[in-house]
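Undergrad: Just the structure for this:
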Amino acid sequence: MNLQPGLEEKIRKIRVLVLDVDGVMTDGSIWLGKAGELKRFNVHDGTGIKYLIRSGIQVAIISGRTSEAVTLRAQELGITECLQGCHKKLPAFLSLIQRLGETRDTVACIGDDLTDLPLFNHSGLCIAPQDATQEVKEHADLVTAQPGGHGVVREAAEILLKVQGKWQSLVEGYLGQ
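TA: Below you'll find the predicted structure:
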């Protein structure tokens, strides 16, 4: 893993990962119909989220939209902090980190568009998908190789867990079964 100087130190401090939904957990597509809103989630991202939670890193969602699909996905993955309908995400973000007793340095954020930049200004580690807007990528500490909805969260999870020295024990747990 070839990371920029100083990035490993930032990663070692992370205890919370805050995710945007559209463009991060999904490819940004929204299907609307009589049954409501549908979203497509990547199974690898879900696995990465479970690995993070199992390894002691809390995962939270902050989204500008409200979707039953997101609520269901969060419940399925064990994400207890699922904040939706946050048209201004920063107040929800600041309230979340205060409620969790965290500081800027212990929180990472994955976002893809301008509405996520305020969170980047208050995060210790900022991650953008490969297909994020240029402005977001310019403010990110790390840009993933994957585009939104195609394994961004899994890629970030693996990086976090490897740098924090937690990845190998996860692998060994599966090899020992």
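
Undergrad: What segments of this structure are strands?
TA: Along the chain, the segments classed as strands by DSSP state E run 16-19, 31-33, 36-38, 58-62, 81-83, 107-110, 125-128, 142-143.

Undergrad: Can you lay out those strands as CSV showing distance to residue 119?
TA: From N, CA and C alone the C-beta is placed, and that goes for glycine too. Formatted as CSV, those follow (distance: least, CB to CB, whole Å):
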stretch, distance to residue 119
strand 16-19, 7
strand 31-33, 26
strand 36-38, 23
strand 58-62, 7
strand 81-83, 12
strand 107-110, 5
strand 125-128, 8
strand 142-143, 15
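
Undergrad: residue contacts, the spatially most central residue of the chain?
TA: Compute the mean C-alpha point of the chain, and by CA atoms, centre = their mean the closest residue is residue 19, 3.3 Å away. Counting by CB atoms under 8 Å, 6 or more residues apart in numbering, residue 19 touches 25, 59-62, 109-110, 153.

Undergrad: what's around residue 85, how many residues?
TA: 10 (other CB atoms under 10 Å).

Undergrad: Could you measure from it over to residue 10?
TA: Using CB to CB, to the nearest Å, residue 85 is found at 30 Å from residue 10.

Undergrad: same thing with residue 69?
TA: On the measure of CB to CB, residue 69 and residue 10 end up 32 Å apart.

Undergrad: Just the closest of the contacts of residue 19 to residue 94, please.
TA: Nearest to residue 94 out of the contacts of residue 19 is residue 62 (CB to CB; 10.6 Å).

Undergrad: Please report how far that closest one lies from residue 141.
TA: Distance from residue 62 to residue 141, by CB to CB: 18 Å.

Undergrad: picking up where we left off before, from the contacts of residue 19, which two are the most distant?
TA: Counting by CB to CB, the most remote pair of these is 62 and 153, 13.9 Å apart.

Undergrad: For the spatially closest residue to residue 8 that is not a sequence neighbour, grab the count of nearby residues.
TA: Nearest residue to residue 8, sequence neighbours excluded (CB to CB, 6 or more residues apart in numbering): residue 163, at 5.2 Å. Residues within reach of residue 163, counting by other CB under 10 Å, total 18.

Undergrad: Cool, thanks, talk later.
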